[in-house]
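Trainee: sequence unknown, structure follows:
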């Protein structure tokens, strides 16, 4: 069976090779010289100030209350929204957005989130060096899911130049252990090959915005219609650009480097609870969790922490530890993808939203009911 899977993988790569090479070599040229001509720019009702948020949306089921919640959160916190839509908008939706933004750009959905971010950044090119802060955020999460959260305060008060909400792949992946003696804590390292700050929420300081190389990064960014290329060039590429430029500091709202220390302060009962409430997508990781959870009561605190960190190292933290992040660390983001992974993930995430403030729950629940992609694993809403 493994042999057949490998043959299928190779044949698939050969089949898609021409498209891959076209994306690799000509994606940005194709977009800038053809697709970009259809962009529509609209002036909104709000004035531009020194702090801007580029809010990228993909309203495949129309504009939602959660889109407006996000915009109004940033407006309250003195960020001027520049909205970029990767889908055409109805007149009603467009009118609502224009009341809550400085500029609205409608574009072809090419390059995923980084294609939209790029259009927003380049639109700001003549003004960007005068800004104090710039945030990039997209609607792959519901945000904010916690009232009076500290996200913009963290950005405004931090001395960091580049900030993410979370980071991915800072823990070195290791083979899943088969025995309790193999429960060893993975080490965190910013220099891991694929380490990056997640693109659903990123922030840049004035120091970065004044650097002409920042604009060059976006102008030269090679766009693609292939998701993994966008991640490699966009999320990973941008993070590595910042890290390799030694004059910039960087970090995240949830600092995975400190996760070990955060967990050490918790009781064994709490660690047991966290280890059982992780949300898992991958089959191999599910089997690992199921096997070790049976005897988790006998684990020491260090073994429990290792058990949790191994799961985080093999799956992004906003999947695996999302219940802990929201309920214990007041993390204000919830990935919509959690409702699309599998039935158990959707049901566990639904329990999480039931614990949110009633107005936020009603908002998200209503969106789930009207969106087939979000509701397909849920029998009742």
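Mentor: Thanks, I have the structure now. Keep in mind that what you see is a predicted model, and the values were worked out from it rather than measured.
Trainee: show me the domain layout of this structure.
Mentor: Per automatic domain parsing, the structural domains of the chain span 2-33, 36-174+184-254, 257-375.
Trainee: tabulate those in a markdown table, adding columns for mean pLDDT and mean neighbour count.
Mentor: Any C-beta I mention is one placed from the backbone N, CA and C, and that applies to glycine too. Output for these, formatted as a markdown table (pLDDT from 0 to 100; neighbours: other C-beta atoms under 10 Å):
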| stretch | mean pLDDT | mean neighbour count |
| --- | --- | --- |
| domain 2-33 | 60 | 12 |
| domain 36-174+184-254 | 95 | 18 |
| domain 257-375 | 96 | 17 |
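Trainee: double-check residue 361 against residue 353; I have them as touching.
Mentor: Yes: Residue 361 sits in contact with residue 353 when judged by C-beta atoms under 8 Å, with a separation of 5.5 Å.
Trainee: mutual contacts of those two, please.
Mentor: Shared contacts of residue 361 and residue 353, defined by C-beta atoms under 8 Å, 6 or more residues apart in numbering, are absent.
Trainee: now the strands: where do they sit in the stretch 51-200 of the chain?
Mentor: 51-57, 80-85, 103-106, 133-138, 141-142, 162-164, 167-168, 196-197 (DSSP state E, counting those that start in this stretch).
Trainee: residue 297: which of these is closest?
Mentor: Judged by C-beta to C-beta, the one of the strands of the stretch 51-200 of the chain that comes nearest to residue 297 is strand 167-168, at 30.8 Å.
Trainee: that closest one pairs with which strands, parallel or anti?
Mentor: Strand 167-168 pairs in its sheet with strand 196-197 (antiparallel), by DSSP bridges.
Trainee: now do the next helix or strand after the strand it pairs with: which elements does it pack against?
Mentor: Once the chain leaves strand 196-197, the next helix or strand it forms, by DSSP states H and E, is strand 201-205. Packed against strand 201-205, as judged by 3 or more C-beta pairs under 8 Å, 6 or more residues apart in numbering; DSSP states H and E, are the following elements: strand 133-138, strand 162-164.
Trainee: so what touches the following helix or strand past strand 201-205?
Mentor: Downstream of strand 201-205, the next assigned helix or strand under DSSP H and E is helix 206-209. Contacting residues not belonging to helix 206-209 are listed as 128, 129, 131, 132, 133, 134, 161, 162, 214, 242, 247, 248 [C-beta under 8 Å, 6+ apart].
Trainee: need the residues you listed in CSV (columns: distance to residue 146).
Mentor: Listed next are the contacts of helix 206-209 as CSV, based on distance: C-beta to C-beta, whole Å:
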residue, distance to residue 146
128, 30
129, 33
131, 27
132, 25
133, 21
134, 23
161, 26
162, 24
214, 31
242, 27
247, 34
248, 29
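Trainee: and which of those is nearest residue 236?
Mentor: residue 242 (11.1 Å).
Trainee: now the closest residue in space to the closest one that isn't next to it in sequence: how far from residue 251?
Mentor: Among residues not flanking residue 242 along the chain, residue 162 sits closest, at 4.6 Å (C-beta to C-beta, 6 or more residues apart in numbering). Residue 162 sits 8 Å away from residue 251, going by C-beta to C-beta, to the nearest Å.
Trainee: give me the phi and psi for the residue of the chain most remote from its centre.
Mentor: Most distant from the centre of the chain: residue 298, at 35.3 Å, with distances by C-alpha atoms, centre = their mean. Main-chain torsions, residue 298, degrees, to the nearest 10: phi -90, psi 0.
Trainee: what sits against it?
Mentor: Residue 298 neighbours (C-beta under 8 Å, 6+ apart): none.
Trainee: what are the ranges of the helices in the stretch 101-250 of the chain?
Mentor: 112-123, 151-157, 206-209, 212-220, 227-230, 237-244 (DSSP state H, counting those that start in this stretch).
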